[in-house]
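Participant: predicted structure and sequence below. I'll ask about it afterward.
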Amino acid sequence: MSVDGTFEVRWWWRDRPVRVAVTDRTALPAARRTVARRLAGLRVVDLELARAHRAAGRPVPVGPLLRDLLSVALGAAEATGGAVDPTVGAARLRRAGGPLPACGSGWGAVERGRDWRAVSLRGDLLAVPPPLWLDLGGTASAYLVQRCAEQVAARHGTGVLVALGSRIAVAGPVPVSGWRVAQGPPTLTGGALVTADVLRPDGGGVRDPRTGGSPAAGWDAVTVAAPDAARAAMLAVAALARGADGPEWLAGQGVRAWPRAHRTALPQPATRW
């Protein structure tokens, strides 16, 4: 039991820390199993994505978890005008010596057929035309922690916090002193908290989809609080990917945020986040 009266367990998964905390001690084993099962399901997602990439644009069947993760990722791309682009994986390959989709000069202005809009998800059939390469790291782990927290709270009536790296979601009754977190505010009383990082966020560093390189921003990370973890991740990643336009854009999204600037950054309009 922690000093705030909650009960928790921690472990590592794919080099990322996992934290599961509850207000009811009897619910902790079940909560841990729920999260572990969800994470184990990502092995199947990895295999399905690999099969879709090998199919070179031909439709292949995928399971319900990948369908959900893709729906969230493609929805984030549409909502942000391509700033959160799950096909930025192709740009990573180009920087490592592979092909890169042709890019335009504005958000959503990538050459038609060469960005996230070319990915086809119809029912359980996924088609990823080359040279695109899906990278769901921007939103996938946030979606998972949100669903896990909601499932545990609904089934066991306990307050719960689920964290995977810098993706945190809470549900159910809140501890008297709130949930203690290490990023953003000192405590969390509801919703979710996500940090995106240019250098090393969960799922890989945020990239500018137009270039595949680091965004031209004066900060290296931002933490966003939102009612849902997937939305928090979308906003945090998009704010960094948009570069110099990020602070003003995020200020209009109606969420609380905490930027972390480079030591050599230009003065930041922190009050606008």
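Facilitator: Arrived safely.

Participant: have a look at the chain and report the helix or strand with the lowest mean pLDDT.
Facilitator: The weakest-scoring helix or strand in the chain, judged by mean pLDDT, DSSP states H and E, is helix 89-95 (a mean of 50).

Participant: most centrally placed residue in the chain?
Facilitator: Geometric centre of the chain, nearest residue: residue 139, 2.7 Å, by CA atoms, centre = their mean.

Participant: OK, contacts around it?
Facilitator: 69, 72-73, 76, 84, 86, 230, 233-234, 237 (CB atoms under 8 Å, 6 or more residues apart in numbering). Backbone N, C-alpha and C define where each C-beta goes, glycine included.

Participant: quick one: which of those residues sit in helices?
Facilitator: Taking DSSP state H as the definition of helices, those contribute 69, 72-73, 76, 230, 233-234, 237.

Participant: closest to residue 168 out of those residues?
Facilitator: Looking at these and their distance to residue 168, the nearest is residue 233, at 10.6 Å (CB to CB).

Participant: please, where are all the strands along the stretch 151-273 of the chain?
Facilitator: Listed in chain order, the strands of the stretch 151-273 of the chain (DSSP state E, counting those that start in this stretch) span 160-164, 167-171, 179-180, 187-188, 192-197, 219-226, 256-261.

Participant: give me the helices and strands touching the longest one, please.
Facilitator: Counting by 3 or more CB pairs under 8 Å, 6 or more residues apart in numbering; DSSP states H and E, the packing neighbours recorded for strand 219-226 are strand 192-197, helix 229-241, helix 246-251, strand 256-261.

Participant: would you map out the domains in the protein?
Facilitator: 7-27+140-272, 42-127 (automatic domain parsing).

Participant: most packed of these?
Facilitator: Ranked by mean neighbour count, the domains of the chain are led by domain 7-27+140-272 with a mean of 20 (mean count of other CB atoms under 10 Å).

Participant: that older thread, format the strands of the stretch 151-273 of the chain as a markdown table; extra columns: distance to residue 127.
Facilitator: Listed next are these as a markdown table, based on distance: least, CB to CB, whole Å:
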| stretch | distance to residue 127 |
| --- | --- |
| strand 160-164 | 29 |
| strand 167-171 | 28 |
| strand 179-180 | 41 |
| strand 187-188 | 39 |
| strand 192-197 | 28 |
| strand 219-226 | 31 |
| strand 256-261 | 36 |
